[in-house]
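> Fold the following, please.
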Amino acid sequence: MTTYNWQQTDWPLFHYSLEQVEDDLMLFSEKVGWVSGILEALPETTRTEAIIDIILTEAIKTSEIEGEYPNRIDVLSSIRKNLGIHGNVEYIKDKSAEGLGKLMIDVRKTFKEPLTEEVLFYWHKLLMTDAQKIEVGKWRTHDDPMLIVSGAMGKQRIHFEAPPSNNVPVQMSRFLKWFNDTAPGGLDEIKKAPVRSAIAHLYFESIHPFEDGNGRIGRAIAEKALSQTIGRPIVLSLSNTIEKNKNLYYNTIEKAQQSNKITSWIEYFVKTTLDAQIEAEKQIEFTLRKAKFYDKYRSLINERQNLVIQRMFEEGPNGFEGGMNARKYIGITKTSKATATRDMQTLVEIGAFVLSGKAGGRSTSYQINLS
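Model prediction:
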């Protein structure tokens, strides 16, 4: 019979070695400083757009990890609204997307503040705006075991069983004390940001205090731990990096929840955090190139072309998968094939598009020219 971490006598005393991640921790610190320097050197508008792009990516990906796909435009509008950027903010139809955007900004704006029950309940309410038939803004109270399972009904596999609901208030009180004691200046300060973030995420997920939304709030806690420890809002998307290999994340955390010896989990999470910071560098460079692109071509493109370019830019630094072709162009703009072909040819002629596939017929495809 499996014994989980919270059932063991040393819970929650986590044991780990940093020997294998010292270089990664040093590189992470260097890159945090490097990214901050890059951002400071950018024009204010470009800097704001770079930060918004990364926050938006985090919001979308933290939901996709859980198999949910919020309306991108509504999340972006919510982020802009809660940052106080009111220009061109569209009406937000999806209230859960609005709450998600608000959560992202609250995590960022309040990173210095202690973590409390009230904060977590508020985050849960934002996240579960449209939730029905579950307890919102409070710890779970149901008598049934809180199980993490996978597989079809009748063939389900139990990955983890969290503490019973009647034990959650005590467990969370202890977790919150640990979190605030390990913050800068705390009694048990942990100075290496990725290490504190790794433990905070694992600790919270092992309690699983809410009926739903634990993964998303757990990643928000991880971000808060990073920001608090480095002393400024972190500019990266953990969820984007996690989502690229969800199975590795789930397998690693499952193993970590079977013992309080968590070196493997720390090593995984530190590498994930470093990879996320490297991706953030690429995103910032991409945002700068995007700004230069619009400076050069904004006055030369029509409304249809702009709509397509915006959709292509949504895919981020790795480019639009498969390139843009007539079929995709028609799907986005609802125009005719002749118009789509003419629009794309014009974009090539002015230098905004470059050929990315074989020229001629259906195989012709293009990418945005960011050189």
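> After the host helix or strand of Met172, which helix or strand is next?
Using DSSP states H and E, Met172 sits within helix 168-181. Going down the chain from helix 168-181, the next helix or strand is helix 193-207, by DSSP H and E.
> With just CA atoms, put the helix or strand that that following helix is followed by into PDB.
Next helix or strand after helix 193-207 toward the C-terminus (DSSP H and E): helix 214-230. C-alpha atoms of helix 214-230 as PDB (Å, rounded to 0.1, in the frame of the first residue of the first chain):
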ATOM      1  CA  ASN A 214      -5.500  23.600  -7.000                       C
ATOM      2  CA  GLY A 215      -3.100  23.300 -10.000                       C
ATOM      3  CA  ARG A 216      -3.600  26.800 -11.200                       C
ATOM      4  CA  ILE A 217      -3.400  28.300  -7.700                       C
ATOM      5  CA  GLY A 218      -0.400  26.200  -7.000                       C
ATOM      6  CA  ARG A 219       1.400  27.700 -10.000                       C
ATOM      7  CA  ALA A 220       0.400  31.200  -8.900                       C
ATOM      8  CA  ILE A 221       1.900  30.400  -5.500                       C
ATOM      9  CA  ALA A 222       5.100  29.200  -7.300                       C
ATOM     10  CA  GLU A 223       5.300  32.500  -9.200                       C
ATOM     11  CA  LYS A 224       4.700  34.500  -6.000                       C
ATOM     12  CA  ALA A 225       7.500  32.700  -4.300                       C
ATOM     13  CA  LEU A 226       9.900  33.400  -7.200                       C
ATOM     14  CA  SER A 227       8.900  37.100  -7.300                       C
ATOM     15  CA  GLN A 228       9.100  37.600  -3.500                       C
ATOM     16  CA  THR A 229      12.500  35.900  -3.300                       C
ATOM     17  CA  ILE A 230      14.200  37.900  -6.100                       C
END
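> what sits against Leu226?
For Leu226, the contact set (Cβ atoms under 8 Å, 6 or more residues apart in numbering) comprises Ala193, Pro194, Arg196, Ser197, Ile234, Leu236, Leu238, Thr273. Yep, even glycine has a C-beta here, placed from its N, CA and C like the rest.
> rerun that using 10 Å as the cut-off
Residues counted as contacts of Leu226 (Cβ atoms under 10 Å, 6 or more residues apart in numbering) are 28, 32, 111, 193-194, 196-198, 200, 232-234, 236, 238, 273, 276-277.
> This protein: helices as residue ranges?
Remark: helices assigned in the chain by DSSP state H are 22-41, 44-64, 72-82, 95-109, 117-127, 168-181, 193-207, 214-230, 238-244, 246-256, 263-297, 303-313, 326-333, 337-350.
> For the longest one, which residues meet the burial criterion?
Using 16 or more other Cβ atoms under 10 Å as the test for burial, helix 263-297 gives 263, 265-281, 283-284, 286-288, 290-291, 293, 297.
> Tell me how far the residue nearest to Leu100 when sequence neighbours are not counted lies from Val32.
Of all residues not flanking Leu100 in the chain, Ala59 sits nearest, at 5.3 Å (Cβ to Cβ, 6 or more residues apart in numbering). As defined by Cβ to Cβ, to the nearest Å, Ala59 lies at a distance of 21 Å from Val32.
> quick one: Leu83 and Tyr268, what's the gap?
32 Å.
> for Asn82, same thing?
According to Cβ to Cβ, Asn82 stands 32 Å off from Tyr268.
> where in the chain is pLDDT low?
The model of the chain has pLDDT under 70 over residues 86-90, 357-362.
> Domain parsing of it, as residue ranges.
With automatic domain parsing as the criterion, the domains of the chain are listed as 5-286, 301-368.
> quick one, which of those is packed in tightest?
Most buried of those by mean neighbour count (mean count of other Cβ atoms under 10 Å) is domain 5-286; its value is a mean of 18.
> For that domain, what is the distance to the chain centroid?
Distance, stretch centre to chain centre, for domain 5-286: 8 Å (Cα atoms, centre = their mean, to the nearest Å).
> Ok, stretch 303-313 next?
When C-alpha coordinates are averaged (Cα atoms, centre = their mean), stretch 303-313 and its chain have centres 24 Å apart.
> what's that stretch in contact with?
53, 286-287, 289-290, 293-294, 297-298, 301, 319-321, 323-324, 328-329, 331-335, 339-340, 343-344, 346-347, 350, 352-353, 366-368, 370.
> Look up the closest residue to the residue nearest the centre of the chain, ignoring the ones flanking it.
With distances taken as Cα atoms, centre = their mean, Glu58 lies nearest the centre of the chain, 2.3 Å away. Distances taken as Cβ to Cβ, 6+ apart put Ser237 closest to Glu58, at 4.1 Å, once the chain neighbours are dropped.
> any idea how far Ala198 is from the one you found?
Noted for Ser237: a distance of 16 Å to Ala198, by Cβ to Cβ.
> where does Lys337 sit relative to Glu22, distance-wise?
Relative to Glu22, and taking Cβ to Cβ, Lys337 is found at 58 Å.
> What of Thr110?
31 Å.
> Lys271 against Val21, yeah?
Yes. Between Lys271 and Val21 there is a contact under Cβ atoms under 10 Å: 7.4 Å.
> what touches both of the two?
Residues within reach of Lys271 and of Val21 at once, by Cβ under 10 Å, 6+ apart, are Phe28, Pro194.
> Thr2 and Gln258 touch, don't they?
Yes. If you go by Cβ under 10 Å, Thr2 and Gln258 touch, sitting 6.5 Å apart.
> Ile85 and Ile55 touch, don't they?
No. The pair Ile85 and Ile55 does not pass the contact test of Cβ under 10 Å, sitting 11.7 Å apart.
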